[in-house]
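**Q** here is a sequence with its predicted model. Questions after.
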Amino acid sequence: MSYRLGSEARAQGHRLHVHDTLGSTNTEAMAQARAGETGPLWVVTHRQEAGRGRRGNAWASLPGNLAASVLWPVAGVAPDHLAELGFVAGLALIEALEAACGTLPDTRTGTGARSLWLKWPNDVLLDGKKLAGLLLEAETLPGGRRAAVIGFGVNVAAAPDGLDAASLAATGYAGGAEALLEHLSDRMAVRARAWNRGRNFADLREDWLARAAGLGSEIAVRSGEHILRGVFETIDEGGRLVILAPDGKRHTVTAGEVHFGTAATAA
């Protein structure tokens, strides 16, 4: 089966470049932007050799997994709304996973209870383990034009060894990364149109919170050497994490690594 975009994405003018091997789909998509491309342009590779995650961390992309990026047009998007694209993409991805896989069984209990959750700011968890990650990168190009690229890495066929990670294959999913991309491109088209360049983030925020891992529970957020502990109350109108600390003070967090449960205590 070959990669192709979904019908809704194609109807909205999305295009697709497929590669056998790339260092990074995000790097290639941004290179296309520097060359004058405006998007929406999807870049997919069968083999990604230098994938990366947030804060420069490496992202292992094993054979059969999905490595894709989309160059998204951001003309007319105010700078303070650009980060919201990460939440648009997170919702699109979790909805694509549900559309492709149906109700995934909880691999711990064998039940059909919901097992997919969004972890702030940009991961998808399956039964508490990392299934997918997103990377939003933006750049101001010569002439002042801005470019935004969203990278998607999904453990479809396998999860990296030695990490607390999950794969779709372990649930019995056999649709392949190609089928997932069709759903993802369609859901991205639909969700981005509803977001309307940031004008409707309030509605999207409510949808994101309905799928948020750890909402209302004790978490810890590590940023460098600093650790903040408290209850995950919400995300604010800018997508920042809001934590109620034990002393009753509320803190907003713009970046950091979230830990849940016993990991929150140990963080």
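**A** On my side now, so go ahead.
**Q** how about residue 137, what does it touch?
**A** By CB atoms under 8 Å, 6 or more residues apart in numbering, the residues touching residue 137 are 26, 30, 148-149, 151. Heads up, the C-betas are built off the backbone N, CA and C, glycines and all.
**Q** shaky segments in the protein?
**A** Along the chain, segments meeting pLDDT under 70 span 51-60, 103-114, 262-267.
**Q** next, residue 17: secondary structure please.
**A** Here residue 17 is strand, with the state taken from DSSP: H, G, I helix; E, B strand; the rest coil.
**Q** that one contacts residue 41, correct?
**A** Yes: using CB atoms under 8 Å, residue 17 is in contact with residue 41, at 6.7 Å.
**Q** quick one: which of these two has more around it?
**A** Each of residue 17 and residue 41 has its neighbours counted (other CB atoms under 10 Å); residue 41 has more, 21 against 18.
**Q** what pairs with the more buried one across the strands?
**A** residue 15, residue 71 (DSSP bridges).
**Q** okay, helices next: where are they in the stretch 1-150 of the chain?
**A** Under the criterion DSSP state H, counting those that start in this stretch, the stretch 1-150 of the chain contains helices at 7-11, 25-34, 85-101.
**Q** spit out the contact partners of residue 189.
**A** For residue 189, the contact set (CB under 8 Å, 6+ apart) comprises 6, 8-9, 11-12, 14, 40.
**Q** how close does it get to residue 225?
**A** Residue 189 sits 41 Å away from residue 225, going by CB to CB, to the nearest Å.
**Q** centroid residue for the chain?
**A** Nearest residue to the geometric centre of the chain (CA atoms, centre = their mean): residue 134, 3.2 Å.
**Q** how big is the angle separating the lengthiest helix in the chain from helix 85-101?
**A** Counting residues, the longest helix in the chain under DSSP state H turns out to be helix 176-195. Angle between the axes of helix 176-195 and helix 85-101 is 130 degrees (criterion: axes from the mean of the first three to the mean of the last three CA atoms, to 10 degrees).
**Q** and helix 176-195, what's buried?
**A** Within helix 176-195, the residues that count as buried by 16 or more other CB atoms under 10 Å are 176-177, 179-192, 195.
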